[in-house]
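Participant: Using only what follows, build the 3D model:
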Amino acid sequence: MILVSYFNKFMLFSFIGWLYECCYCTIRTRHWDNRGFLYGPICPIYGLGAILCLFLFGDLPVYLIRTGRLDLPVSSSGLAQIPIWQIFLICMIGSAIIEYLTSYLLEKFFHAVWWDYSGIPLNLHGRICLPASIGFGLAGIAITRWVIPLIMRIPDHRHPMVTILLGLFLAFYLGMDTGLTIESLVQLTHRLDLLQEAFDSRMESTVQIASLGPGAIAVAAGSAAREAALNARDNLSEAASMVRKTASRQALPLKRGPEETLPGMTRRERYHLRAIRSYRGRKPGASAARSAAKAFRRLQEFILRKPKS
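Facilitator: Residues are numbered from 1 along each chain as shown. Okay, here's the model as predicted:
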């Protein structure tokens with residue numbers, strides 16, 4: 001029963017976090033911005049942080065005080081009066097750890113970045129930054145002082161059947177959303193890999209042609225023309241067939257551009273394409289990461305481009 005109650009509150013805080021994230025990004029960009037890793041209206045990282053606050057500053061201190069293992073004054077709301085500076089430090093450090101690990105795991109599994117603090121001073125690998133951690137520390141104080149007392153008054157134990165049924169429904173919803181999200185992300189990363197291959201092929205062809213130089217290109221073209229003229233009568237049909245096959249094979253990856261990639265994309269894939277900040281690709285190496293990022297930006301700019309009126 002306790003676990004179900006915590007899970008329901010986790011989903012509630014995840015929804016509140018999603019509202020905050022969307023409103024903040026909408027105000028900053030001046031257009032509606034649906035944020036979050038999952039497709040539905042929840043941000044689990046906010047739910048996890050709030051639940052940890054509820055446990056560390058709510059239920060756990062109250063239990064330790066009742067059992068005589070902790071000597072702290074109790075407020076009128078029945079909560080332990082923990083110093084504000086301790087709450088701030090714990091929330092700031094804890095939020096930084098959670099945010100860094102979440103960013104690392106998402107990039108590890110999906111090779112994509114959902115938030116990037118690289119442009120903000122005092123950041124660590126673009127995953128966390130001091131200003132954001134300070135903001136989460138202040139948010140932890142607000143949650144502990146005003147939100148947790150309200151949440152702890154919810155009479156979950158008085159309606160156990162309703163609590164359990166609600167928990168089962170929310171668990172089913174979360175599992176379904178997570179499964180569909182992972183499936184669409186796998187499909188999207190596959191499309192991005194194909195687009196990266198096409199981008200690399202174009203770049204490689206351009207570099208090879210440029211490396212020949214004008215003189216070498218003219219000599220090669222003249223030799224090819226003379227050889228073709230000598231063998232034209234005997235090998236014309238065979239050469240034409242080989243040229244068509246070769247051109248078809250070489251043009252196949254080059255056709256995988258945004259114009260042909262987008263029509264087959266699902267609504268979920270387009271959502272993730274808007275939510276992801278950058279894509280670093282599956283191939284190791286800095287050059288491969290840069291080409292993957294360029295291919296991703298090209299696809300993202302194409303889908304976000306407003307139609308001309």
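
Participant: Helix or strand: which one has L165?
Facilitator: helix 160-230 (DSSP states H and E).

Participant: contacting residues around the residue sitting nearest the centre point of the chain?
Facilitator: Nearest to the geometric centre of the chain sits W114, at 3.2 Å (C-alpha atoms, centre = their mean). Contacts for W114 (C-beta atoms under 8 Å, 6 or more residues apart in numbering) come out as F37, S103, L106, A275, I276, R277. Backbone N, C-alpha and C define where each C-beta goes, glycine included.

Participant: Neighbours of the fifth one, how many?
Facilitator: Taking other C-beta atoms under 10 Å as the criterion, the count of residues near I276 is 22.

Participant: cool, and the one 4 residues further on?
Facilitator: Here the number of neighbours of R280 (other C-beta under 10 Å) works out to 17.

Participant: residues contacting it?
Facilitator: The contact partners of R280, by C-beta under 8 Å, 6+ apart, come to E107, H111, A112, V113, A289, A292, A293.

Participant: so how far is Y173 from S287?
Facilitator: From S287 over to Y173 the distance is 42 Å, taken as C-beta to C-beta, to the nearest Å.

Participant: Pick out whichever of the two has more residues nearby.
Facilitator: Higher neighbour count among S287 and Y173: Y173, with 13 against 10, using other C-beta under 10 Å.

Participant: Chain neighbours aside, what residue packs nearest to the more buried one?
Facilitator: G40 (7.1 Å; C-beta to C-beta, 6 or more residues apart in numbering).

Participant: Only alpha carbons, please: show stretch 28-46 as PDB.
Facilitator: In PDB, the C-alpha atoms belonging to stretch 28-46 read as follows (Å, rounded to 0.1, in the frame of the first residue of the first chain):
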ATOM      1  CA  ARG A  28      11.100  31.400 -23.500                       C
ATOM      2  CA  THR A  29      10.400  30.400 -27.200                       C
ATOM      3  CA  ARG A  30       7.000  32.200 -27.400                       C
ATOM      4  CA  HIS A  31       5.300  29.100 -28.900                       C
ATOM      5  CA  TRP A  32       3.900  25.900 -27.400                       C
ATOM      6  CA  ASP A  33       6.700  23.500 -26.700                       C
ATOM      7  CA  ASN A  34       5.700  20.000 -25.500                       C
ATOM      8  CA  ARG A  35       8.700  18.900 -23.500                       C
ATOM      9  CA  GLY A  36       9.800  15.600 -22.000                       C
ATOM     10  CA  PHE A  37      11.400  12.200 -22.900                       C
ATOM     11  CA  LEU A  38       8.100  10.400 -22.900                       C
ATOM     12  CA  TYR A  39       5.300  11.100 -25.300                       C
ATOM     13  CA  GLY A  40       2.700  11.600 -22.600                       C
ATOM     14  CA  PRO A  41       2.300  14.600 -20.200                       C
ATOM     15  CA  ILE A  42       4.800  13.400 -17.600                       C
ATOM     16  CA  CYS A  43       8.500  14.100 -16.800                       C
ATOM     17  CA  PRO A  44       9.700  11.300 -14.600                       C
ATOM     18  CA  ILE A  45      12.800  13.100 -13.500                       C
ATOM     19  CA  TYR A  46      10.700  15.700 -11.700                       C
END
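
Participant: circling back to that earlier point, out of the contacts of R280, which is nearest to Y24?
Facilitator: V113 (18.2 Å; C-beta to C-beta).

Participant: So that closest one is in contact with G126, correct?
Facilitator: Yes. Between V113 and G126 there is a contact under C-beta atoms under 8 Å: 7.5 Å.

Participant: quick one: secondary structure of H31?
Facilitator: coil (DSSP: H, G, I helix; E, B strand; the rest coil).

Participant: burial measure for it, as a count.
Facilitator: For H31, using other C-beta under 10 Å, the count is 7.

Participant: Kindly report the same for the one 5 residues further on.
Facilitator: Counted with other C-beta under 10 Å, the neighbours of G36 add up to 21.

Participant: Could you tell me which residues make contact with the closest residue to it other than its chain neighbours?
Facilitator: Excluding its sequence neighbours, the residue lying closest to G36 (C-beta to C-beta, 6+ apart) is C43, at 4.7 Å. By C-beta under 8 Å, 6+ apart, the contact list for C43 reads S14, G17, W18, E21, R35, G36, F37.

Participant: ranking the residues you listed by neighbours, who comes first?
Facilitator: Going by other C-beta under 10 Å, S14 tops those with 26 neighbours.

Participant: That one belongs to a helix?
Facilitator: Yes. The assignment for S14 is a helix, going by three-state DSSP.

Participant: ok, it - contacts?
Facilitator: By C-beta under 8 Å, 6+ apart, the contact list for S14 reads I42, C43, P44, Y46, G47.
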